[in-house]
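Asks: mind looking at a prediction? Sequence and model below.
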Amino acid sequence: MGVGRIELDGDRLFAMMQEYPTKPEKDCFWEAHRKYIDIQYICDGVEEIGYAPLTSLKVIEPYDAGKDFVKLAGSGSILRMPAGMFAVFFPHDGHKPCMAADGVVAPVRKMVVKVAVGR
């Protein structure tokens, strides 16, 4: 399966196959979405993903409705995500993806499934 968007049910349900090198934690940021639930599945490699309740994070860039994205700052728990693991992030969850596991930058292949909230 190639990198890019995979249509499943229009804007109600779609997936994105991604490939990238992980980054040092200092180069990553917290984010959240209002219109979609994220299901992040690690196909190959390992990365760390931060999790925090949205109420514990501070908005550093206003919500962009076109991109369904808000950039946040703060701290939270770190999830180690090896190949075969997935995490689900709801609109009330902040997450910080793409972090290098154990500080070691390495390639990752990840499927992110976007599930629309509501009708």
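Replies: Nice, I can see it.
Asks: report how many residues lie close to the nearest residue to residue 12 once chain neighbours are set aside.
Replies: The shortest distance from residue 12 to any non-neighbouring residue, by C-beta to C-beta, 6 or more residues apart in numbering, is to residue 116 (4.5 Å). C-beta: built from backbone N, CA, C; applies to glycine. Look at residue 116: counted by other C-beta atoms under 10 Å, it has 15 neighbours.
Asks: what of residue 58?
Replies: By other C-beta under 10 Å, the residues close to residue 58 number 9.
Asks: any idea how far the residue nearest to residue 24 when sequence neighbours are not counted is from residue 23?
Replies: Leaving out its chain neighbours, the residue that sits closest to residue 24 by C-beta to C-beta, 6+ apart is residue 100, at 5.7 Å. As for residue 100, its distance to residue 23 is 6 Å (criterion: C-beta to C-beta, to the nearest Å).
Asks: okay, the two: which has more neighbours?
Replies: More crowded of residue 100 and residue 23, by other C-beta under 10 Å: residue 100, with 19 against 15.
Asks: so what's that one up against?
Replies: Shown in contact with residue 100 (C-beta atoms under 8 Å, 6 or more residues apart in numbering): 22-25, 47-48, 106.
Asks: from those, which single one is nearest residue 36?
Replies: Nearest to residue 36 among these: residue 47, at 19.9 Å, using C-beta to C-beta.
Asks: quick one: residues contacting the closest one.
Replies: Counted by C-beta under 8 Å, 6+ apart, residue 47 has contacts 22, 81, 97-101, 108, 110.
Asks: could you identify which of those has the most neighbours?
Replies: In terms of neighbour count, residue 97 stands highest of the contacts of residue 47 at 25 neighbours, by other C-beta under 10 Å.
Asks: which stretches in this protein count as helices?
Replies: With helices called from DSSP state H, the chain shows none.
Asks: setting aside sequence neighbours, what's the nearest residue to the residue most central in space within the chain?
Replies: Residue closest to the average C-alpha location in the chain (C-alpha atoms, centre = their mean): residue 97, at 4.8 Å. Distances taken as C-beta to C-beta, 6+ apart put residue 49 closest to residue 97, at 5.0 Å, once the chain neighbours are dropped.
Asks: how many neighbours does the one you found have?
Replies: Neighbours of residue 49 under the rule other C-beta under 10 Å: 23.
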